[in-house]
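S.K.: would you be able to build a 3D model of this:
(one chain, ligands or ions: 1)
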Amino acid sequence: MICYAEKIFHLSSEVLDGVTDHRSLPRISTSLVVKAVLAVYWSRLGSLNALEMTRAAKFWNTWLGRSLCSADSLGRIVASLDVATLRQGIHHLYQRLKRNKALPDLHGLGVAVLDGHETSASYRRCCAGCLQRTTSSGQIQFYHRNVTLKLLCGSPPDRPAVRLLLDLEPQRAGEGELATAWRLLERVLAAYPRAFDVVLADAYYAVAPFLNFLLVHGKDALVVLKDERRNTYQDAAGLWAQQPPQPGSYDSRSCRWWDVPDLLSWPEVKGAIRVVRSEESWTVKPQLTKEVTPQTTSWVWLTTLSVTQARTEQIVRLAHLRWDIENHGFNELVNGWHADHVYRHQSGAIECFLLLAFLAYNLFHAFFALNLKPEVRRGRTMAFWVRLIAAEIHAVPRLFLTTAPP
Ligand SMILES: [Zn+2]
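M.R.: A predicted model of the protein is given here:
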């Protein structure tokens with residue numbers, strides 16, 4: 001994987017050497033620290049102390065060109081990293097993948113998913129960047145939240161789709177998630193002006209200022225519409241009561257779709273809006289009863305995409321992809337990569353560790369999707385590759401075990 005990253009991305013010269021920090025007289029090089037933290041994520045160690053236990057592994061001398069520094073130094077140096085240089089590293093990966101045509105559009109559109117996440121919560125520890133809330137028992141709880149943007153791509157020929165985490169923005173004390181998302185999108189739109197056409201988001205983002213912000217920047221929105229009291233929802237509901245549904249299918253579900261374009265019932269939005277509803281039915285056979293049981297679900301989405309930009313079927317498929325960021329984005333980072341572990345409780349450090357997790361995640365997924373040949377990948381799960389990587393980081397040289405057994 002490291003050889004692949006050097007060959008395709010020039011990892012050392014174009015990414016690692018570009019990362020700087022704010023120390024005045026550094027004794028340990030910044031790139032060494034970045035390399036060590038990438039390896040912590042790749043091998044899913046989950047803590048800097050677990051890293052200390054691998055100190056004797058021969059991997060470190062090969063990868064770092066010297067022995068590993070202490071966990072304390074790592075945490076301290078990561079806290080002083082310049083976040084802009086980490087973001088440049090992620091941008092470099094995107095550029096190379098784009099140039100190599102590894103990030104094709106999805107259903108004819110460039111698609112990004114926006115989502116807010118809480119990464120850690122504590123009653124005892126807090127820092128200058130902590131948000132706080134009072135729980136029902138009256139206790140003050142401190143926590144961190146951020147908004148993430150992920151690029152969803154189509155699959156290159158004979159390859160799984162590459163998943164790319166583009167950027168994140170920490171939510172500041174006293175501000176709502178929308179303000180955080182704005183800051184994130186402003187930075188991302190400047191750095192990645194042509195990376196995506198449409199942003200998928202949950203019902204929280206079904207508000208006029210968000211839709212207008214995207215329209216002004218030449219982008220579209222596709223969001224969940226939940227509020228049944230809202231005029232737009234009621235207008236669309238009135239129309240779909242009179243409209244015969246289009247039959248369709250999604251996965252193995254049979255669907256009935258209603259597509260109501262050109263709604264003008266939301267004058268605050270600076271463009272035409274369209275509401276799509278999908279009623280989906282399928283059957284399950286629970287192990288206990290073994291009886292075929294019918295299931296149904298109903299979705300309503302709001303979009304600024306016109307009918308010529310995306311047909312009803314495309315809207316339904318794109319809208320369901322919002323869950324991709326839940327299943328393969330942050331959930332994978334938290335459950336598989338321990339990205340919510342607070343390696344050092346300090347707002348700058350939390351942001352830097354998360355951006356390093358994004359870098360590690362993007363490199364791993366690019367390697368998995370683009371470098372592993374289908375016959376090598378076949379029959380082996382992603383967990384298999386993770387264990388293989390972890391095994392290398394734990395392998396101690398033979399000479400290290402010199403003491404003869406009693
Ligand atoms: Zn904090």
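
S.K.: what does the protein put close to the ion?
M.R.: For the chain, the residues found near the ion under the criterion Cβ under 5 Å from the ion are 127, 130. For the C-beta atoms, the positions are set from N, CA and C on the backbone; glycine is no exception.

S.K.: beyond the host helix or strand of Leu97, next helix or strand please.
M.R.: Using DSSP states H and E, Leu97 falls within helix 83-99. Note on helix 83-99: by DSSP H and E, the next helix or strand toward the C-terminus is strand 111-122.

S.K.: pull out the buried residues from that next one.
M.R.: Judged by neighbour count using 16 or more other Cβ atoms under 10 Å, the buried positions of strand 111-122 are 111-117, 119, 121.

S.K.: now render the residues you listed as a markdown table, adding pLDDT.
M.R.: Putting these into a markdown table (pLDDT from 0 to 100) gives the following:
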| residue | pLDDT |
| --- | --- |
| Val111 | 95 |
| Ala112 | 95 |
| Val113 | 93 |
| Leu114 | 93 |
| Asp115 | 90 |
| Gly116 | 92 |
| His117 | 90 |
| Thr119 | 86 |
| Ala121 | 87 |
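
S.K.: what distance do you get for Gly271 to Leu321?
M.R.: To Leu321, Gly271 is 22 Å away according to Cβ to Cβ, to the nearest Å.

S.K.: biggest helix in this protein by residues?
M.R.: In terms of residue count, the longest helix belonging to the chain (DSSP state H) is helix 347-366.

S.K.: check which helices and strands the helix or strand where Val37 lies sits against.
M.R.: In this assignment (DSSP H and E), Val37 forms part of helix 30-42. Based on contacts counted as 3 or more Cβ pairs under 8 Å, 6 or more residues apart in numbering; DSSP states H and E, the elements that helix 30-42 packs against are helix 48-53, helix 58-64, helix 71-79, helix 347-366, helix 382-394.

S.K.: may I have the second one exported as CSV, CA atoms only?
M.R.: I take that to be helix 58-64. Output in CSV follows, covering the C-alpha atoms of helix 58-64 (Å, rounded to 0.1, in the frame of the first residue of the first chain):
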residue,chain,number,x,y,z
LYS,A,58,10.8,-3.9,12.2
PHE,A,59,8.2,-2.0,10.2
TRP,A,60,9.1,1.3,12.0
ASN,A,61,12.7,1.5,10.9
THR,A,62,11.8,0.7,7.3
TRP,A,63,8.9,3.2,7.2
LEU,A,64,10.3,6.0,9.4
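
S.K.: make CSV from the helices and strands packed on helix 30-42 and add distance to Leu239, mean pLDDT and mean neighbour count to it.
M.R.: Converted to CSV, the helices and strands packed on helix 30-42 look like this (distance: least, Cβ to Cβ, whole Å; pLDDT from 0 to 100; neighbours: other Cβ atoms under 10 Å):
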stretch, distance to Leu239, mean pLDDT, mean neighbour count
helix 48-53, 57, 85, 16
helix 58-64, 61, 90, 16
helix 71-79, 54, 93, 20
helix 347-366, 42, 94, 23
helix 382-394, 44, 89, 15
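
S.K.: redo these as a markdown table? Include distance to Thr297.
M.R.: Putting the helices and strands packed on helix 30-42 into a markdown table (distance: least, Cβ to Cβ, whole Å) gives the following:
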| stretch | distance to Thr297 |
| --- | --- |
| helix 48-53 | 41 |
| helix 58-64 | 47 |
| helix 71-79 | 43 |
| helix 347-366 | 29 |
| helix 382-394 | 28 |
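
S.K.: out of those helices, the one nearest Leu166 is which?
M.R.: For those, distance to Leu166 was read as Cβ to Cβ. The smallest value, 8.0 Å, belongs to helix 347-366.

S.K.: alpha carbons only: can I get the closest one in PDB?
M.R.: Output for helix 347-366, consisting of C-alpha atoms alone and laid out as PDB, is shown next (Å, rounded to 0.1, in the frame of the first residue of the first chain):
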ATOM      1  CA  SER A 347      -9.500  21.300  19.700                       C
ATOM      2  CA  GLY A 348      -6.600  21.700  17.300                       C
ATOM      3  CA  ALA A 349      -5.300  18.200  18.000                       C
ATOM      4  CA  ILE A 350      -8.800  16.700  17.500                       C
ATOM      5  CA  GLU A 351      -9.100  18.400  14.100                       C
ATOM      6  CA  CYS A 352      -5.600  17.300  13.000                       C
ATOM      7  CA  PHE A 353      -6.100  13.700  14.100                       C
ATOM      8  CA  LEU A 354      -9.400  13.600  12.100                       C
ATOM      9  CA  LEU A 355      -7.800  15.000   9.000                       C
ATOM     10  CA  LEU A 356      -5.000  12.500   9.300                       C
ATOM     11  CA  ALA A 357      -7.700   9.800   9.600                       C
ATOM     12  CA  PHE A 358      -9.200  11.100   6.400                       C
ATOM     13  CA  LEU A 359      -5.800  10.900   4.700                       C
ATOM     14  CA  ALA A 360      -5.300   7.400   5.900                       C
ATOM     15  CA  TYR A 361      -8.800   6.400   4.900                       C
ATOM     16  CA  ASN A 362      -8.500   7.900   1.400                       C
ATOM     17  CA  LEU A 363      -5.100   6.200   0.800                       C
ATOM     18  CA  PHE A 364      -6.400   2.800   2.000                       C
ATOM     19  CA  HIS A 365      -9.600   3.000  -0.100                       C
ATOM     20  CA  ALA A 366      -7.800   4.100  -3.200                       C
END
